[in-house]
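Student: Here is a sequence with its predicted model. Questions after.
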Amino acid sequence: MTVPASNQCPVTVIILTKNEELFIQRCIESASWADEVLVLDSLSTDRTRDIAREAGATVYEQEWLGWIGQKERAIALSRNDWIFSLDADEIITDQLADSIRRAFRGTPSPLDGYVVERRDEFFGKILPNTKRRKLRKSFIRLFNRRFSRFNPETIINETVLFPGQTVALNGPLLHWRNTIFTAQMYKAVENASLEAELLSRRGVRARGYHLLQWPLLRFLWLYIGGGFFRLGTPGLMQAMMRSHAEFLRFAMLWERQNVNRQLDPPPSLCRRVRPGSGRPRHGFISSDTGNLAAGFPVSAPSPKRERA
């Protein structure tokens, strides 16, 4: 759908991409209310850039600079001061687009940050928004680059710093990717690692009981307090996955703070065989049994037989 120029808002919608050919067209089309849609692509190997250009977006290429660095680069390339940050697998609903238009019919303060409510999809169902009120108010997606910037201390779920008031926009922002459960679990592990690093930077200490306490509280908050039980099995799966991500976050943090890596076992358990001692060069000798420790090669592998 093409929006007449007179109805377009003086906003640049920035989208970061890498191999997003399945989603980029619908994403750009949902932002047709904006004066400019800018796609900053991280060297995709599929048709992402071609599809984005055909859909009317301005496309640039940039090797990955990290989430904050990449978004700052996209902001610098924008022709408008007002910026809307959009993910490639998100959709701006008609209600949200109308709310943005209404904001620009007046005189929006460039000091303010505009909050949107993102709703996640899981197996074709829209999940309840279970974020705490404070986190909901910090979910800024529309801001003016002259007075606002991304928080450089965040390495995941980046936040915007702005000097003015928080203004809520009506209408949901849909996050609809419809990925398989395995892919979502991989993403949860990846995010948990980043979140553990962020907690470590903030000086949070992980205790053993946190590995039980926080996942349990997270599950109860989501499944009962958040109403995930109303979604049946998908709701149970989502609550379990998110509580498991909570476990991973604190387990990785505990590991960072308590585990000292050592490649070899201590001498009290085994001693390395010296070269030229008449015994196999590879492997370890157990100090208790005198047998080669399991799992280490004790002789050179036999040559592979060539097929006739």
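Tutor: Great, that's in hand.
Student: Ile75 belongs to a helix, doesn't it?
Tutor: Yes: with DSSP: H, G, I helix; E, B strand; the rest coil as the criterion, Ile75 is assigned to a helix.
Student: so it touches Arg145, yeah?
Tutor: Yes: counting by Cβ atoms under 8 Å, Ile75 sits close enough to Arg145 to count as a contact (5.2 Å). Using the backbone N, CA and C atoms, a C-beta is placed for each residue, glycine as well.
Student: Tell me which of these two has more neighbours.
Tutor: The neighbour count for Ile75 versus Arg145, taken as other Cβ atoms under 10 Å, is higher for Ile75 (21 against 16).
Student: Flag every buried residue along stretch 112-120.
Tutor: Of the residues in stretch 112-120, those scored as buried under the neighbour-count criterion (16 or more other Cβ atoms under 10 Å) are 112-116, 118.
Student: Make a markdown table out of those and add pLDDT and distance to Trp176.
Tutor: Compiled in a markdown table, the buried residues of stretch 112-120 are given as follows (pLDDT from 0 to 100; distance: Cβ to Cβ, whole Å):
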| residue | pLDDT | distance to Trp176 |
| --- | --- | --- |
| Asp112 | 98 | 28 |
| Gly113 | 97 | 24 |
| Tyr114 | 98 | 21 |
| Val115 | 97 | 20 |
| Val116 | 96 | 15 |
| Arg118 | 95 | 11 |
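Student: Out of the residues you listed, which comes closest to Leu216?
Tutor: Distances from the buried residues of stretch 112-120 to Leu216 were compared by Cβ to Cβ; the smallest belongs to Arg118, at 25.9 Å.
Student: Would you mark the buried spots in stretch 76-92?
Tutor: For stretch 76-92, a neighbour-count test (16+ other Cβ under 10 Å) marks 78, 80-92 as buried.
Student: same check, this time on stretch 64-74
Tutor: Neighbour-count burial for stretch 64-74, counted by 16+ other Cβ under 10 Å, picks out 67-68, 70-72, 74.
Student: Tabulate those residues (TSV), appending secondary structure, pLDDT and distance to Tyr60.
Tutor: As requested, the buried residues of stretch 64-74 are exported to TSV (DSSP: H, G, I helix; E, B strand; the rest coil; pLDDT from 0 to 100; distance: Cβ to Cβ, whole Å):
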residue	secondary structure	pLDDT	distance to Tyr60
Trp67	helix	90	17
Ile68	helix	92	17
Gln70	helix	95	11
Lys71	helix	96	13
Glu72	helix	96	13
Ala74	helix	98	8
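Student: returning to that earlier point: export the buried residues of stretch 76-92 as JSON lines, with columns for pLDDT and secondary structure.
Tutor: Putting those into JSON lines (pLDDT from 0 to 100; DSSP: H, G, I helix; E, B strand; the rest coil) gives the following:
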{"residue": "Ser78", "pLDDT": "98", "secondary structure": "coil"}
{"residue": "Asn80", "pLDDT": "98", "secondary structure": "coil"}
{"residue": "Asp81", "pLDDT": "98", "secondary structure": "coil"}
{"residue": "Trp82", "pLDDT": "98", "secondary structure": "strand"}
{"residue": "Ile83", "pLDDT": "98", "secondary structure": "strand"}
{"residue": "Phe84", "pLDDT": "98", "secondary structure": "strand"}
{"residue": "Ser85", "pLDDT": "98", "secondary structure": "strand"}
{"residue": "Leu86", "pLDDT": "98", "secondary structure": "strand"}
{"residue": "Asp87", "pLDDT": "97", "secondary structure": "strand"}
{"residue": "Ala88", "pLDDT": "97", "secondary structure": "coil"}
{"residue": "Asp89", "pLDDT": "96", "secondary structure": "coil"}
{"residue": "Glu90", "pLDDT": "97", "secondary structure": "strand"}
{"residue": "Ile91", "pLDDT": "98", "secondary structure": "strand"}
{"residue": "Ile92", "pLDDT": "98", "secondary structure": "strand"}
